[in-house]
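Visitor: Sequence and computational prediction follow.
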Amino acid sequence: MTVVVSLFALIGAGFIFIAGLGALRMPDMMLRMHATTKAGALGVGLISIGVGLHFGEASYVVRAIAILVFVLLTAPVAAHAIGRAGYFTGVPFWEKTLKDELRDKLDTKGKKLYSGMERPDDVDRDDRS
Amino acid sequence: MTLLVWNILLAFAWIALTGNFTGSGLIAGFFFGYFVLLLISRASGKRPTYLRKVPQTINFMLFYIWEIIQSNLRVAYEVLTPTHNMRPGVIGLQLSCGSDAAITMLANLITMTPGTLSLDVSSDRRMLFIHAMHIDDEDQLRADLKHLERRVMDLLDETGEQDA
């Protein structure tokens, strides 16, 4: 049992380490977000599973599961918010970035993002601004 | 929904009858209760939504966990190898699902799956913009993302728009 718990904790810590290393090593902001959200979420998840297994009592297990669920729910939302904010404030991309289909669809003045598939009878459903 | 209530009641009945007041007792109660409801519905010849949703949801969760593990291995590889051989880019994906719930779920799922990060949805909710780490094979990537969308729509019982 100790071995399993240690394995979970070690691998989890390893992934968090990779997330931190990724934040340093990746060439641009978007790629840094890739590294930190994924590896960070899995690392925290593995450590909380380890904690749940170690204590083995209902109250700890329930809390470990709750942490896991909330991390998995919030990590992508945070990544999305940071990535979007970075993109719209003009953080430069890595020079090897191949294409960007978003740039010309964006109207920064009117705060609209076009899909290129608009229909004349469209009602604007947007509420950014 | 009433079936969910029945399932909970059966789980409590199981706990009361076995005298096993623990989390695992509750889970066992749920499992057997679900099984009983499945048998009853089979006898009546119909398959209510709740009974279909439970295995579908579990299946989806397992799939989600598997995707997270895969994406981590890939990111770990990119971080740890000294040369960056990524070919990142931003692509727009046409959405077939219309509801906000489905789009939210899809966007989160895309962020957690290998090499992709959702950026923004167009103002008319028809296009999702995604930052991808590897766009060597764009058609394959699009097909994978469409497959994900299909799964989300199946789970939420959406038919989607059939234009475009």
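Guide: Good, I have the coordinates. Residues are numbered from 1 along each chain as shown, chains lettered A, B, ... in the order given.
Visitor: Who are the packing partners of the longest helix anywhere in chain B?
Guide: Ranked by residue count under DSSP state H, the longest helix found in chain B is helix B:49-80. Under the contact criterion of 3 or more C-beta pairs under 8 Å, 6 or more residues apart in numbering or on different chains; DSSP states H and E, helix B:49-80 touches helix A:2-25, helix A:29-55, helix B:2-18, helix B:23-44, helix B:100-112, helix B:138-155. The C-beta positions use only the backbone N, C-alpha and C, and glycine is treated the same way.
Visitor: Burial-wise, tell me which of the ones you listed comes out on top.
Guide: Ranked by mean neighbour count under mean count of other C-beta atoms under 10 Å in any protein chain shown, those are led by helix A:29-55, which reaches a mean of 23.
Visitor: ok so, going back, can you tell me which of the helices and strands packed on helix B:49-80 is nearest to B:Tyr77?
Guide: helix A:2-25 (9.6 Å; C-beta to C-beta).
Visitor: Against which helices or strands is the closest one packed?
Guide: Using 3+ C-beta pairs under 8 Å, 6+ apart, the elements in contact with helix A:2-25 are helix A:29-55, helix B:49-80.
Visitor: what inclination does it have with respect to helix A:29-55?
Guide: 160 degrees (axes from the mean of the first three to the mean of the last three C-alpha atoms, to 10 degrees).
Visitor: got the angle for helix A:2-25 vs helix B:49-80?
Guide: Relative orientation of helix A:2-25 versus helix B:49-80 (the same axes, to 10 degrees): 60 degrees.
Visitor: Can I get helix A:2-25 as CSV, trimmed to CA atoms?
Guide: What follows is helix A:2-25, C-alpha atoms only, in CSV (Å, rounded to 0.1, in the frame of the first residue of the first chain):
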residue,chain,number,x,y,z
THR,A,2,2.8,2.4,0.9
VAL,A,3,4.4,1.6,-2.4
VAL,A,4,1.2,2.5,-4.3
VAL,A,5,0.7,5.7,-2.4
SER,A,6,4.4,6.7,-2.9
LEU,A,7,4.1,6.0,-6.6
PHE,A,8,1.0,8.2,-7.0
ALA,A,9,2.7,11.0,-5.0
LEU,A,10,6.0,10.7,-6.9
ILE,A,11,4.5,10.6,-10.4
GLY,A,12,2.2,13.4,-9.5
ALA,A,13,5.1,15.5,-8.2
GLY,A,14,7.0,14.6,-11.4
PHE,A,15,4.2,15.9,-13.6
ILE,A,16,4.0,19.1,-11.6
PHE,A,17,7.7,19.5,-12.1
ILE,A,18,7.3,19.0,-15.8
ALA,A,19,4.6,21.6,-15.8
GLY,A,20,7.0,24.1,-14.1
LEU,A,21,9.8,23.2,-16.5
GLY,A,22,7.4,23.6,-19.4
ALA,A,23,6.5,27.1,-18.3
LEU,A,24,10.2,28.0,-18.5
ARG,A,25,11.2,26.1,-21.6
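Visitor: now what about that helix, what contacts it?
Guide: For helix A:2-25, contacts defined as C-beta atoms under 8 Å, 6 or more residues apart in numbering or on different chains pick out A:32, A:34-36, A:38-40, A:42-47, A:49-51, A:53-54, B:72, B:75-76, B:78-80.
Visitor: mind redoing it with 6 Å?
Guide: Here helix A:2-25 makes contact (C-beta atoms under 6 Å, 6 or more residues apart in numbering or on different chains) with A:32, A:35-36, A:39-40, A:42-43, A:46-47, A:49-50, A:53-54, B:76, B:79.
Visitor: can you put the helices and strands packed on helix A:2-25 in CSV and add mean pLDDT and distance to A:Arg63?
Guide: CSV is the format used below for the helices and strands packed on helix A:2-25 (pLDDT from 0 to 100; distance: least, C-beta to C-beta, whole Å):
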stretch, mean pLDDT, distance to A:Arg63
helix A:29-55, 85, 8
helix B:49-80, 81, 19
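Visitor: No further questions, thank you.
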